Structure formats: structure tokens, C-alpha cells
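In: can you look at this prediction? I've put the sequence above it.
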Amino acid sequence: MTEKSETLLQLVDLETGYGKKQVVFGASLEVRGGEVVALIGPNGAGKSTILKAICGLIPVWKGEIRFEGVATNGSSPAQNVHRGITFAPQGNRVFDELTVLENLEIGGFQLPSRELKVRIEEVMNFFPVLRERKKQDASKLSGGEKQMLALARALVPKPKLLMLDEPSLGLAPNLVGSVFERISQLNRETGVTILIVEQKVRDVLRIAHRVYGLKLGKIAFEGPSQDINQGLLKHLFLS
């Protein structure tokens, strides 16, 4: 496994939501450098909301988000990308009307052109199918290939923290395992820290170092993935 280091991301008593509807109630968590950390819980627990707050898509109401020890409250998504935080949202979201290469170029919009070319070459080395399809419109990719493209696009800026929101969503069952293995491989081989929201609990527990269980906008439990047992999962999802 990738060697873990000091705290990279810390949430302290985070409260946030949409409009007047509060979704997250005082959530605190930390992610150390080199880890894969999973956020699990039932629908509506606030998992995706936490990711959106971290990357700056929604405001922090109370509490604090710290990245590398610096408070990021109020930062825009572009500022957070510059810091080293990238986000691959759920649903294989790619730009269908653009080519694979153009999608990757959008991922590195902040990079100088020479550095952008180097980074695209590096991610295509990791996802060879994208090199084969780089001139094709993204609309012609399969569901699994679109997920690879979404992952690759988020990797172009060479993030310190890669956040993934339900990467298995919409994939055929026979593709789910390969996507999780590729995520684990990314962590092992590049050292990128990963915070992942996922409903396929058994699959994500296989690749995560630590897990946070979220229920009704609050952290219900936290621990190493190997310590998460059926009793905890039943309490989280069924009670």
C-alpha cells in the first residue's frame, strides 16, 4: 500500500446544504497523504454534499475546511484546482460533443500549453484506450470508457487530492471491478490521495484504507476498512 503521511485534508464541524436546507451537520474528518478514504452511507446522508463543499461548489455555512493546513472556506473551484484538489462528479460526466483529447485539455485549462501536453501524455499512458480513441467524440465511448475519461480528466492537473463521486454509477456489473482496481492502481502507482463516495460498499472497502460512515448528515463511525463489520453496516443502512 501507499505510504501514508501527515494530514492533507481536514474538515472541522462542517455544516452546509442547499438554499435553506441543511444537509451536513457538524461533520469532522481527515484524510492523510497517500490514503484512499471512503465515504459511505445511505442516499441523502450528505456524502456528495461534502465533496461539493470541499471543492468549492457550495458554500461552507459553519465550521472549516483545511487543505495542507490552510483554511479554504470561500475558495472557488478554480482556486481549489490550483491548490491541488480535483473532482470527478457522478454519472460519467464528460463533454459528449467534444473529442477525448479536447475533454482532457479542459481538465488542464490552468496549465501552460507545454505542461498540458506532457500531462495528457502521462494520463493516456495510464489509460491506453483513451490514446486509441483520442480523436473520437466522447459520445461514442462506452460507459466504462467514459468513466476512464472522467478519471483521466481529473488527473490532468496532477492533483494532490482526487475526489470521486460514485465512480461505479451507471456501469455494467462486469465493469465495476475493473474500475475499482484502476482507482487502487492510481493510488499505488502515482501516490495520489483519494476521497471516494460510493454506494457499492463491498467494492470500495476492498480498496480503501479508512472509511467514514455518514448518516443523516453526521459522521456515524470511522475506522480502518478491515474493521468495518456487518453490524456497523446494518446500523448505517437499515436502522
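Out: Perfect, thanks for sending it. All of these numbers come straight from a predicted model, not from anything done at the bench.
In: and the contacts of the helix or strand of the chain with the lowest mean pLDDT?
Out: Least confident helix or strand, the chain: helix 230-238 with a mean of 86, by mean pLDDT, DSSP states H and E. Residues outside helix 230-238 that contact it (Cβ atoms under 8 Å, 6 or more residues apart in numbering) are 40-42, 201, 213, 215, 220-221. The way it works is simple: take the backbone N, C-alpha and C, and place the C-beta from them, glycine included.
In: just the helices in this protein please.
Out: 47-55, 77-83, 100-107, 113-126, 128-132, 143-155, 173-190, 201-207, 230-238 (DSSP state H).
In: how about those, which one is nearest residue 61?
Out: Of all the helices of the chain, helix 47-55 sits nearest to residue 61, with 9.0 Å by Cβ to Cβ.
In: pLDDT weak spots in this protein?
Out: Residues of the chain meeting the criterion pLDDT under 70: 1-5, 92, 239.
In: closest to residue 11 out of the helices of the chain?
Out: For the helices of the chain, proximity to residue 11 was assessed by Cβ to Cβ; helix 47-55 is nearest, at 7.2 Å.
In: and the closest one, what does it pack onto?
Out: Other helices and strands packing on helix 47-55, by 3 or more Cβ pairs under 8 Å, 6 or more residues apart in numbering; DSSP states H and E, are strand 7-18, strand 21-32, strand 36-40, helix 77-83, strand 85-88, strand 161-165, strand 193-197.
In: partner strands of the third one, parallel or antiparallel?
Out: What that stands for is strand 36-40. Strand 36-40 has the following strand partners under DSSP bridges: strand 193-197 (parallel), strand 210-215 (parallel).
In: over to the fifth one?
Out: Strand pairing for strand 85-88, determined by DSSP bridges: strand 161-165 (parallel).
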